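Undergrad: Fold the following and give me the result.
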Amino acid sequence: MRRRLRRLIRLVALGALVVWSLFPVYWALKTSLSTNAAAQQNPVQYFPAHPTGVSYQALFGAGPESADAVGGIGQALVNSVIEVTGATVLTLVIAVAAAYAFARLRFRLKGVIFYATIATLTLPVYATLIPLYRIMSDFGLVNTYIGIIFVYTSGFLPLALWIMYNVFLALPSSIEEAAHIDGASTLQTFGRIVIPTASPGIAATAIVTFLFGWGQFLFPLVLSSSNSTEPLTVLLAAIDSRNAPFTVINAAAIVAIAIPAIIVFFLNRWIITGITAGSVK
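TA: The predicted structure follows:
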């Protein structure tokens, strides 16, 4: 009886936590599927009486509520995808190559360089914000996709490097030694043996990097003051001043939530693989 009671209490507590966490998301979804009049009527409706996708049509530039009233939400969504995807690809390319060099190759000051790079994870965001802005401004990269991608990459690279370093350490070196005995060069071994073998860790690193990039706010807020490069996170924070319909604002919030939620839901196993890389060894 005590065991059943404890189990019941845990289930009730877990259910309350789930409801507490997901109810705001449900309310935003319900509002986004309603008309403006239905969303603001009294008494409050907890379920949309007549669901409609007009807000989502307007979000992507279609329907009667699009045009200037939307406030560039669709463009901000495109900006987020371009910037985060570009930063993820660039971070992954650099992290994979650098992590393999640190894990397998021998060169002077390897440990110093590696731990100095990883140590940048301890730096507070505000300590690098102004220097990065000055650098981007001097090179004319403010309000550009390239500038934001470079800044994202500089922030994501230490963590990606650490994950991939542990992934490569967990791989048995005997596989590479066998390839060298068969006459393969270091580059051939890396491209044909190491990369396919480490693909789960690479996928996990890409997912974690993308999720971190999708939630960025402070850096794009400073580096993108134009609608042409402003990501969705920045636009949602200032959407009230753009006269966008209330239902469209909630539709944009649902889209912003849905993309990382879908990634986490379907690719959760890969994320765990990346986070726990090398832990057993």
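Undergrad: Which elements pack onto the lowest-mean-pLDDT helix or strand in the chain?
TA: Lowest on mean pLDDT, DSSP states H and E among the helices and strands of the chain sits helix 36-39, with a mean of 76. Using 3 or more Cβ pairs under 8 Å, 6 or more residues apart in numbering; DSSP states H and E, the elements in contact with helix 36-39 are helix 246-275. Placement of C-beta: from N, CA and C, glycine included.
Undergrad: what comes up buried for the helix it packs on?
TA: Residues of helix 246-275 classed as buried: 246-256, 259-260, 263, 267, 270-271, 273-274 (neighbour count, 16 or more other Cβ atoms under 10 Å).
Undergrad: try stretch 186-203
TA: In stretch 186-203, counting by 16+ other Cβ under 10 Å, buried: T189, F190, I193, V194, T197, A198, G201, I202, A203.
Undergrad: JSON lines please, covering those and showing secondary structure, distance to A99 and pLDDT.
TA: Shown next, in JSON lines, are these (DSSP: H, G, I helix; E, B strand; the rest coil; distance: Cβ to Cβ, whole Å; pLDDT from 0 to 100):
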{"residue": "T189", "secondary structure": "helix", "distance to A99": "15", "pLDDT": "87"}
{"residue": "F190", "secondary structure": "helix", "distance to A99": "11", "pLDDT": "86"}
{"residue": "I193", "secondary structure": "helix", "distance to A99": "16", "pLDDT": "87"}
{"residue": "V194", "secondary structure": "helix", "distance to A99": "10", "pLDDT": "89"}
{"residue": "T197", "secondary structure": "helix", "distance to A99": "14", "pLDDT": "87"}
{"residue": "A198", "secondary structure": "coil", "distance to A99": "9", "pLDDT": "88"}
{"residue": "G201", "secondary structure": "helix", "distance to A99": "9", "pLDDT": "87"}
{"residue": "I202", "secondary structure": "helix", "distance to A99": "10", "pLDDT": "90"}
{"residue": "A203", "secondary structure": "helix", "distance to A99": "15", "pLDDT": "88"}
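Undergrad: Would you map the strands across the stretch 101-250 of the chain?
TA: Counting by DSSP state E, counting those that start in this stretch, no segments of the stretch 101-250 of the chain form strands.
Undergrad: Helices along that one, start to end?
TA: Taking DSSP state H, counting those that start in this stretch to define them, one finds helices in the stretch 101-250 of the chain at 110-119, 125-138, 145-170, 173-181, 186-189, 195-197, 199-214, 218-223, 232-237, 246-275.
Undergrad: so which of these comes closest to H50?
TA: The closest of these to H50 is helix 246-275. By Cβ to Cβ, the value is 12.7 Å.
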